[in-house]
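*Asks:* how would this look folded up:
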Amino acid sequence: MSTRKPGGHPARAAQAEDAREARRAKAAAMRQRELAKERSRRVLLISIAVVVVLAVVAVVAVVIDRSREDDVPLAAQVVPPSAGARGAGYVLPGTPAAGAPRLDVWLDYQCPYCEQFETRAGDAVVELASSGRAEVVVHTLTFLDGNLGNDSSQRAAEAAAAADAQGRFVEFNRTVFANQPEQEGTGYTDDQLRRFAQDAGITGDALEQWQAAYDGHAYRDYVQSVADSMQENGVTGTPTVTVTPAGGQAQEVPTEDVLGSDPVAALQQAVAAATTTP
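*Replies:* Here you go, the predicted model:
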């Protein structure tokens, strides 16, 4: 008669239990891996959803921004009254005397050297025109937009053209340079340009007319035509000042004189030297 107790041999029973524990451990590990994979999938899906939402928000923002721009239709393209023609600069107020030369000033509203010239010699330029000693023509350029990665020169030049339509080009020109940002490339906001118009004396109905012309980019093509005239006039930078005797050839006033210690005297001497006797 067998004397073995139920349940079999103790060693084999222990081995069977160890195998079961190993299977349970393996199954638990597999479940943990599956849970980890599921969490990763959820994180990925959530991340994708966030990216999609952000993209949608960006698209909506662009659409809204463009729709706002579309609210203001492009105005009919016109030429500011003091310029008279596309590609031409602004003729400052004054009646040139017989034999007076023409003084051309080329500037960009984001140019720090132009601000320096305007601050030190701007009033003298205006006086040369008002006194009749020279026909003074100012050309607003926009090439620094490309260099600085913004459109402030273009917008400021359009704003100046709209100011000229209100008889305030000289005052607006002076105000823009007086408020030029210290950091080159900062540029001007639309609100700042409106404030400059007000500071230049454009108020009431005239300010609303200025705003309508500015918002509608009524002078966009004119400003571009002046920029396009740089090459044919041999202008490669700003400020550039040339003096042309009656019936003669344009001569550039040296940059070291324009930006030197006494630019007013340099301009006056250049104009006097180019003045012809009737």
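*Asks:* what about Thr240, how many neighbours?
*Replies:* Residues lying near Thr240 (other Cβ atoms under 10 Å) number 21. For the C-beta atoms, the positions are set from N, CA and C on the backbone; glycine is no exception.
*Asks:* just Arg33 next, same as before
*Replies:* With other Cβ under 10 Å as criterion, Arg33 counts 10.
*Asks:* mind checking which helix or strand it is in?
*Replies:* Secondary structure from DSSP states H and E places Arg33 in helix 10-71.
*Asks:* In terms of secondary structure, what does the next helix or strand after that helix contact?
*Replies:* Remark: after helix 10-71, the chain's next helix or strand is strand 90-91, criterion DSSP H and E. Here strand 90-91 touches strand 135-141, going by 3 or more Cβ pairs under 8 Å, 6 or more residues apart in numbering; DSSP states H and E.
*Asks:* export the strand it packs on as CSV, just CAs?
*Replies:* Extracted in CSV, the C-alpha atoms of strand 135-141 (Å, rounded to 0.1, in the frame of the first residue of the first chain):
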residue,chain,number,x,y,z
GLU,A,135,13.9,125.1,-55.3
VAL,A,136,13.9,122.4,-52.7
VAL,A,137,12.6,118.9,-53.5
VAL,A,138,12.3,116.1,-50.8
HIS,A,139,12.1,112.5,-51.8
THR,A,140,10.9,109.8,-49.4
LEU,A,141,12.5,106.4,-49.8
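*Asks:* wait, what's in contact with Ala76?
*Replies:* Ala218 (Cβ atoms under 8 Å, 6 or more residues apart in numbering).
*Asks:* quick one: low-confidence parts of the protein?
*Replies:* Scanning the chain with the threshold set as pLDDT under 70 gives 1-20, 22-31, 34-72.
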